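Enquirer: here's a sequence, model it:
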Amino acid sequence: MTDTSVFEDKKAAYYTLGCKLNFAETSTIGRALLAQGVRSVRPREVADICVINTCSVTELADKKCRTMIRKAAREHPGAFVIVTGCYAQLSPDEVASIEGVDLVIGAEKKLDIAAYLPHEGAKTTGASIVRGHTKDIRTFRLSSSSDERTRHFLKVQDGCDYHCTYCTIPKARGRSRSGTVAEIVTEAARIADLGGKEIVLTGVNIGDFGKGRTGEDFFALVRALDQIEGIERFRIGSIEPNLLSEDIIRYVATSQRIAPHFHIPLQSGSDDVLRLMKRRYDTALFRSRVELIRELMPHAFIGIDVIVGTRGEEEQFFEDCYRFLEGLPFSQLHVFSYSEREGTAALAIEHTVSPRDKHKRSQRLARLSEERLRDFYRANLGRELTVIWEHGNYDGRMMGHSENYIRVAQPYDEAAIGTTTRITPQHLDESGSFIY
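Expert: Numbering: from 1, shown residues only. Purely as a prediction, here's the structure:
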């Protein structure tokens, strides 16, 4: 047993980059350190320990991580600086070479940071690296975090067995693994007891939940969570189209707690590019899922991830993608420009897209997305929506999200934070970013 008295009065600062999964894990790290006597730093305090949880999905993400690491070391001089996450797993020596870094921890030991704290709190000479091989990453560790006092992110799955040609995530997080239905239900019930109103299910490939366990899959998890009293709303995080079954869609359409909100990675609307990416579906399957959602839930939010400028995306392939998206009844696009990653199979594809063309393609899709989001918001004016009000004062307004992920505003009322209101908005703001 660790002597927690060693860490009494120690203060930690936390920095998180990347996905909601990272935020859930950082929160879990924070709770583990708090159990050892290490509290979170307050404004204008200098921390004794800095924890930076990193992302490495793109070259830009790596750059942001390096900037954040240096910022943390600068803002907290003398602190023991720990770097973990995907960048730490993929490029440990590069991270260790950054001035101020004391400890680099890979994916398998990420949630064991408390065990590696220096008992004297002293800076070390050079950074230590604790990192195993990706093939040895096998442990699933439950994590959850809260977004202020309303929304909680619950990790249900980790890792990925897909090997898309552009992606480094399987190398950073290892093979697919998940908790059990019973474990996830217990954690969701704990969040309900804390007063949580909304839970977002997160993971790397959440549709793979329960893989290898008889009688457990993502649909079984959704049905079990739907029975938990106290949670008003569950949202399904990003889910692969081939794993978003018709049964799940039909179940959500009749559920009172599973939100009519779908985030589905398409990545390209060209079947030629999908084959180059080694995705596990085609545009016909993707269209069938989106059209079934819209048929059963006319006002459901449908967000779609798209990558532009991947190797092999010839101009005609992008035009195929654009026309495909024009014909889909989606609500919003999340557009990413392709970034080359060392060690990925995509580097063997000869055709490359210039930065200028990537930008042009990204801007075209961004404009299409903005038009569709405005149309979606307008279609919900005059409808009664259920809104959970969130933290933040925006020039006298407060914001919340409806069940179908529409941003709604009302005059600021601190007492309303965390409460639920049924409201019928009538107006779209000029910015197009919320209704009221």
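
Enquirer: where along the stretch 301-436 of the chain do the helices fall?
Expert: Secondary structure of the stretch 301-436 of the chain by DSSP state H, counting those that start in this stretch: the helices cover 315-326, 355-379.

Enquirer: correction: the stretch 51-200 of the chain
Expert: 59-75, 86-90, 92-96, 169-173, 181-193.

Enquirer: return the most buried member of those.
Expert: helix 86-90 (a mean of 28; mean count of other C-beta atoms under 10 Å). No exception for glycine: its C-beta is placed from N, CA and C like everyone else's.

Enquirer: for the stretch 151-300 of the chain, give me the ranges with low pLDDT.
Expert: For the stretch 151-300 of the chain, no stretch has pLDDT under 70.

Enquirer: ranges for the strands of it?
Expert: 151-155, 157-158, 177-178, 198-202, 233-236, 261-267 (DSSP state E, counting those that start in this stretch).

Enquirer: contacts for the longest one, please.
Expert: By that I understand strand 261-267. 164, 235-241, 244, 273-274, 277, 279, 286, 289-290, 293, 300-307, 325, 403-405 (C-beta atoms under 8 Å, 6 or more residues apart in numbering).

Enquirer: how far off centre is it?
Expert: Counting by C-alpha atoms, centre = their mean, to the nearest Å, strand 261-267 is centred 12 Å from the centre of its parent chain.

Enquirer: same thing with the first one?
Expert: Relative to its chain's centre, strand 151-155 lies at 10 Å (C-alpha atoms, centre = their mean).

Enquirer: before we move on, what about the second one?
Expert: The offset between the C-alpha centroid of strand 157-158 and the centroid of the whole chain comes to 12 Å, using C-alpha atoms, centre = their mean.

Enquirer: can you check the third one too?
Expert: Between the centre of strand 177-178 and the centre of its chain there are 16 Å (C-alpha atoms, centre = their mean).

Enquirer: distance between the ends of stretch 370-387?
Expert: 22 Å (C-alpha to C-alpha, to the nearest Å).

Enquirer: what's in contact with that stretch?
Expert: Contacts with stretch 370-387, where a contact means C-beta under 8 Å, 6+ apart, come from 232, 299, 301, 330-333, 400-404, 406, 408, 420-428, 432, 434-435.

Enquirer: and it, which residues are buried?
Expert: 372, 373, 376, 377, 380, 385, 386, 387 (16 or more other C-beta atoms under 10 Å).

Enquirer: near residue 355, how many other residues are there?
Expert: Residue 355 is flanked by 10 other residues according to other C-beta atoms under 10 Å.

Enquirer: sorry, slip of the keys, the one I care about is residue 343.
Expert: Residues lying near residue 343 (other C-beta under 10 Å) number 8.

Enquirer: give the contact list for it.
Expert: 168, 171.

Enquirer: cutoff 10 Å now
Expert: 90, 168, 171 (C-beta atoms under 10 Å, 6 or more residues apart in numbering).

Enquirer: closest one of the residues you listed to residue 356?
Expert: Nearest to residue 356 among those is residue 168, at 25.2 Å by C-beta to C-beta.

Enquirer: relative to residue 317, how far out is the nearest residue to that closest one once chain neighbours are set aside?
Expert: Computed as C-beta to C-beta, 6 or more residues apart in numbering, the closest residue to residue 168 that is not its neighbour in sequence is residue 341, at 4.7 Å. Using C-beta to C-beta, to the nearest Å, residue 341 is found at 20 Å from residue 317.

Enquirer: from the buried residues of stretch 370-387, which single one is nearest residue 107?
Expert: Looking across the buried residues of stretch 370-387 and measuring by C-beta to C-beta, the closest to residue 107 is residue 373, at 34.8 Å.

Enquirer: report pLDDT for the closest one.
Expert: Looking at residue 373, its pLDDT reads 98.

Enquirer: same question, the one 5 residues further on
Expert: According to the per-residue confidence, residue 378 scores 98 in pLDDT.

Enquirer: and if you look at the one 4 residues further on?
Expert: Listed pLDDT for residue 382 reads 98.

Enquirer: next: residue 116.
Expert: Looking at residue 116, its pLDDT is 89.

Enquirer: now do the one 4 residues further on
Expert: In the predicted model, residue 120 carries a pLDDT score of 61.

Enquirer: what of residue 149?
Expert: With respect to pLDDT, residue 149 scores 60.

Enquirer: rewinding a little: format the helices of the stretch 51-200 of the chain as TSV; extra columns: distance to residue 31.
Expert: Formatted as TSV, those follow (distance: least, C-beta to C-beta, whole Å):
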stretch	distance to residue 31
helix 59-75	20
helix 86-90	20
helix 92-96	24
helix 169-173	21
helix 181-193	12
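
Enquirer: hmm, back to that, looking at the strands of the stretch 151-300 of the chain, which one is packed in the most?
Expert: It is strand 157-158: most buried of the strands of the stretch 151-300 of the chain by mean count of other C-beta under 10 Å, with a mean of 26.

Enquirer: what's in contact with it?
Expert: Contacts for strand 157-158 (C-beta under 10 Å, 6+ apart): 21, 25, 107, 137, 139-143, 173-179, 184, 201-211, 218, 221, 237.
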